[in-house]
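A.B. asks: Generate coordinates for the sequence data below:
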Amino acid sequence: MDYMIRATAADQQIRAFAATTRQTVEQARKYHNTSPVATAALGRLLSAGAMMGAMMKGEKDLLTIQVKGDGPIGSVTVTADSSGGVKGYAANPQVLLPANLAGKLDVGGAVGKGTLRVIKDLGLKEPYTGQCELQTGEIGDDLTYYFAVSEQVPSSVGLGVLLNKENTVRQAGGFIIQLMPFTSEEVIRRLEEKLAGLHSVTALLDQGMTPEDMLNELLGEFGVEITDTVPVEYRCGCSRERIEKALISIGKKELQEMISEGKTIEVNCQFCGKSYAVTVEELQELLKRAVRK
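C.D. replies: Sure thing, here's the model as predicted:
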């Protein structure tokens, strides 16, 4: 079962999250038929989304992370709630690239240069939006930079996706470690030394490490206290009702044009690929509802 943990360390000077997301990322791979490098990119962002979603307090709070670069994958978008539900898609899920110089899946090459944007809908009039330039396109580095410049929280984000020979997901997950404003210089120095010696999240996952093991490996000397365990799952939540709302929102002119074509239309969910057929009669009913608004 996929899950994440929330924890503190060093007498609450450090807060940390760690997750295992193999089933969630494999579900995304099946939904979108992603290539290996797209599985890695989307899987890393799904893992980060699950943990960042858990940083929000409200039941209805929603987080969207979008990585948009000039590389062949185009963009990768993930939406998460505060209770471990996450979903996402890549603009070009079939992108194929040779391995990078280290012999690893070239996520940075697939993403390229561009921006990372985080949108938090916390039920206020305006959602909070933070944005930064991509640093490497490898996603973990980019989120580390985002936390530092947009939220002023010194952080370390490690994300990994490991595939089997047949390109199914073998391991996926990651961690986010953050320093509180009152963290002592001594704790910061020791933590930086520990993180500098870390090979990769993929290596930790491949050893079969659980989220608890990962945090003990990284923060054990500081005394880890686990405060919460949250199940993680790929949760789409699309429905005919939501599709109808989306059609109404596109406007009367566009609806009228669809009706004029006289054909049943198909609307596909970007997150799970499910297809919804909408007949001309149903479109006419939606147009009436749109006019009444």
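
A.B. asks: switch to C-alpha atoms for all contacts and neighbour counts from now on
C.D. replies: Fine.

A.B. asks: And for stretch 120-128, what's in contact with it?
C.D. replies: For stretch 120-128, contacts defined as C-alpha atoms under 8 Å, 6 or more residues apart in numbering pick out 58, 60-64, 119, 129.

A.B. asks: The residues you listed, buried ones only, as a PyMOL selection?
C.D. replies: In PyMOL, a selection of the buried entries from these looks like this (16 or more other C-alpha atoms under 10 Å):
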select buried, resi 61+62+63+64+119
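
A.B. asks: export the contacts of stretch 120-128 to JSON lines and tack on secondary structure and pLDDT?
C.D. replies: Formatted as JSON lines, the contacts of stretch 120-128 follow (DSSP: H, G, I helix; E, B strand; the rest coil; pLDDT from 0 to 100):
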{"residue": "58", "secondary structure": "coil", "pLDDT": "81"}
{"residue": "60", "secondary structure": "coil", "pLDDT": "85"}
{"residue": "61", "secondary structure": "coil", "pLDDT": "89"}
{"residue": "62", "secondary structure": "strand", "pLDDT": "92"}
{"residue": "63", "secondary structure": "strand", "pLDDT": "95"}
{"residue": "64", "secondary structure": "strand", "pLDDT": "96"}
{"residue": "119", "secondary structure": "strand", "pLDDT": "95"}
{"residue": "129", "secondary structure": "strand", "pLDDT": "93"}
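
A.B. asks: Can you pull out the low-pLDDT segments for this protein?
C.D. replies: Within the chain, the stretches with pLDDT under 70 are 293.

A.B. asks: Apply 80 and report the result again.
C.D. replies: Across the chain, the ranges flagged by pLDDT under 80 are 101-103, 123-125, 199, 251, 290-293.

A.B. asks: what's in contact with the lengthiest strand in the chain?
C.D. replies: The longest strand of the chain (DSSP state E) is strand 169-179. If you take C-alpha under 8 Å, 6+ apart as the criterion, strand 169-179 is touched by 13-23, 25-26, 43-44, 47-48, 51, 153-164, 188, 201-202, 205-206, 211, 214-215.

A.B. asks: Give me the buried positions along that strand.
C.D. replies: For strand 169-179, burial by neighbour count (16+ other C-alpha under 10 Å) applies to 169-179.

A.B. asks: so residue 138 touches residue 104, yeah?
C.D. replies: No - taking C-alpha atoms under 8 Å as the definition, residue 138 is not a contact partner of residue 104, at 11.3 Å.

A.B. asks: and these two? which has more neighbours close in?
C.D. replies: Taking other C-alpha atoms under 10 Å, residue 138 and residue 104 do not tie; residue 138 has more neighbours (22 against 11).

A.B. asks: and stretch 234-254, how far out from the chain's middle?
C.D. replies: Its chain's C-alpha centre and that of stretch 234-254 lie 22 Å apart, by C-alpha atoms, centre = their mean, to the nearest Å.

A.B. asks: Can you give me the first-to-last residue distance of that stretch?
C.D. replies: End-to-end span of stretch 234-254 (C-alpha to C-alpha, to the nearest Å): 32 Å.

A.B. asks: Nearest residue to residue 262 in space, please, no chain neighbours.
C.D. replies: residue 280 (6.1 Å; C-alpha to C-alpha, 6 or more residues apart in numbering).

A.B. asks: quick one: contacts for the one you found?
C.D. replies: Residues near residue 280 by C-alpha under 8 Å, 6+ apart: 258-259, 262-265.

A.B. asks: which among those residues end up buried?
C.D. replies: Buried, going by 16+ other C-alpha under 10 Å: 258-259, out of these.

A.B. asks: Among the contacts of residue 280, which ones are in helices?
C.D. replies: Of those, the ones assigned to helices by DSSP state H are 258-259.

A.B. asks: how about the contacts of residue 280 in TSV, adding distance to residue 226?
C.D. replies: Shown next, in TSV, are the contacts of residue 280 (distance: C-alpha to C-alpha, whole Å):
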residue	distance to residue 226
258	54
259	56
262	58
263	56
264	53
265	50
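
A.B. asks: Can you tell me which of the contacts of residue 280 is nearest residue 229?
C.D. replies: Of all the contacts of residue 280, residue 229 sits closest to residue 265, with 42.8 Å by C-alpha to C-alpha.
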